[in-house]
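In: Sharing a model that was predicted from the sequence below.
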Amino acid sequence: MAVTSNPCIKVFTRAPGAPVSCSASSSVRFNVDGYPFSSPVGELFDGDGGSFTLRISRRVVVPGRTLRLEKIEKSTVSTPRRWEGRLGGQSRKALLDETRSTAKDEKHYSDVALQEDEELLKQNGAQLVQQLEGTCIYLVGMMGSGKSTVGRGLSDALGYIFFDSDKLVEQAGGTTIGEMFRTGREEEFRNAETDVIEQLCSMSHLVVATGGGAVIRPQNWDSMRRGITCLLDVPVEVLARRVVAVGCHSRPLLSGHASLPSEDAAYNQALERLTHIHHERYNMYRRSDVVVSLEAIARKRDLDIETVTPTMIAIQVLEEISAKLQKDRRVS
Ligand SMILES: Nc1ncnc2c1ncn2[C@@H]1O[C@H](COP(=O)(O)OP(=O)(O)O)[C@@H](O)[C@H]1O
Ligand SMILES: O=C(O)C1=C[C@@H](OP(=O)(O)O)[C@@H](O)[C@H](O)C1
């Protein structure tokens, strides 16, 4: 993933040879490997019908390849709806699967109840997207708090694009996070994470699952403050159970060098490390614009905390963000 200032990229219309007609108020929206960009046509030059070159004035991620233009829109603030067809179905299914597997005891949740939540999430998403006007959402929180799982569902409900910053760091470095930590390159990982977050923050219509440690760097906050930050607050005992269930190999801060004799031992080790990290970072996590607490959702719905589904959490995230936006509007 290369970062370039003032890059020029060649853009082709969907149908080669089709005329490109843009008015001064148009904006061009397209995506590169799933990264959405938009650029006012003021920066567009060399149009020749089927293709034209676009100068991008902001710092953006440019893989240096030919792009296919998806749409030219008449307004600089465009709706993200056009992404729905491509991304929506799949991530909605993923969230539903995750939610169903979370509802381990099927007696807790009938299909009707699950569908009602799904419906509510969709409705809340459709309402909030109007208020958000493309503002990005950054999910922060401890390892295992559900940033990736909940983030996918949120992006689907909003018609936003979802990114997991850990995955982008791995793609950029051509290695795994586990490998970077194992070979003593945590600093390199943190720098790459900062780069990725900085690049993402120049875009719009994104839900970003940040890495659990993104909050430790003020520079990351400077980037994330361009959007809305949301903390997923999950008790450490729940986190430990989750990460042990999937194995700690992809979370190097939790896995030791020696393999542990039992699941109990793995749980105790994870709990101890998570408690320590949580204590160290607590004040940084609390800087988030909104806080979504798993305990509060469980109380509100009169549920056992372990049975709160990702869909329920995504609904709460939308509610908290909506309340924050309304409050901000009242104040200004
Ligand atoms: N609400 C939930 N209930 C039960 N398990 C969950 C929930 N949310 C996430 N998980 C599980 O916890 C693990 C960690 O979730 P993940 O989304 O990867 O967290 P993060 O991105 O914050 O590290 C995954 O195995 C996921 O399936
Ligand atoms: O808390 C941390 O410092 C880390 C959290 C991980 O991300 P998840 O929160 O997605 O597990 C990953 O970025 C890396 O292992 C470091």
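Out: Received the coordinates, thanks. Everything numeric here is computed off the predicted structure, so don't read it as measured data. Ligands and ions are numbered 1, 2, ... in the order given.

In: Can you identify each of the helices in the protein by residue range?
Out: All helices of the chain, identified by DSSP state H, fall at 89-102, 111-132, 147-158, 165-173, 177-182, 186-200, 218-224, 236-246, 263-285, 294-301, 310-331.

In: Let me know whether the fifth one sits next to ligand 2.
Out: Yes - counting by C-beta under 6 Å from any ligand atom, ligand 2 is contacted by helix 177-182 at residue 177. The C-beta positions use only the backbone N, C-alpha and C, and glycine is treated the same way.

In: so what's residue 178 scoring on pLDDT?
Out: Residue 178 is assigned a predicted lDDT (pLDDT) of 91.

In: list the contacts for it?
Out: Contacts for residue 178 (C-beta atoms under 8 Å, 6 or more residues apart in numbering) come out as 249, 250, 252.

In: try residue 288
Out: Neighbouring residues of residue 288 by C-beta under 8 Å, 6+ apart: 140, 229, 230, 231.

In: Out of these, give me the one that has the most neighbours.
Out: Counting by other C-beta atoms under 10 Å, residue 140 has the largest number of neighbours within the contacts of residue 288, with 29 neighbours.

In: From residue 205, how far off is that one?
Out: As for residue 140, its distance to residue 205 is 19 Å (criterion: C-beta to C-beta, to the nearest Å).

In: just to revisit the earlier point, so which of the helices of the chain gets nearest residue 210?
Out: helix 165-173 (5.0 Å; C-beta to C-beta).

In: which ones are touching residue 190?
Out: 213, 216, 217.

In: Around ligand 2, which positions in the stretch 1-150 of the chain sit nearby?
Out: Near ligand 2, when you scan the stretch 1-150 of the chain using C-beta under 6 Å from any ligand atom, you find 143, 147.

In: and with 5 Å instead?
Out: Residues of the stretch 1-150 of the chain found near ligand 2 (C-beta under 5 Å from any ligand atom) are residue 143.

In: give me the residue from the stretch 1-150 of the chain nearest ligand 2.
Out: residue 143 (3.6 Å; C-beta to the nearest ligand atom).

In: so who does the closest residue to that residue other than its chain neighbours touch?
Out: The shortest distance from residue 143 to any non-neighbouring residue, by C-beta to C-beta, 6 or more residues apart in numbering, is to residue 212 (4.2 Å). Residues near residue 212 by C-beta under 8 Å, 6+ apart: 140, 141, 142, 143, 145, 147, 277.

In: what pairs with the closest residue to the second one other than its chain neighbours across the strands?
Out: Leaving aside its chain neighbours, residue 141 sits nearest to residue 232 (3.9 Å; criterion: C-beta to C-beta, 6+ apart). According to DSSP bridges, the residues that bridge with residue 232 are residue 292.

In: how many other residues sit next to residue 232?
Out: So residue 232, with other C-beta under 10 Å, has 25 neighbours.

In: from memory it sits against residue 148, does it?
Out: No - the criterion here is C-beta atoms under 8 Å, and residue 232 misses it with residue 148 at 10.4 Å.

In: just to revisit the earlier point, among the contacts of residue 178, pick out the one closest to residue 191, please.
Out: residue 252 (16.4 Å).

In: which residue sits closest to the closest one, ignoring its sequence neighbours?
Out: Nearest non-adjacent residue to residue 252 (C-beta to C-beta, 6+ apart): residue 181, at 3.6 Å.

In: residues touching the one you found, list them.
Out: Contacts for residue 181 (C-beta under 8 Å, 6+ apart) come out as 189, 252, 253.

In: Among those residues, which one has the most neighbours?
Out: Most neighbours among these, by other C-beta under 10 Å: residue 189, with 21 neighbours.

In: Surely that one touches residue 183?
Out: No - using C-beta under 8 Å, residue 189 makes no contact with residue 183, being 10.3 Å away.

In: Cool, thanks, signing off.
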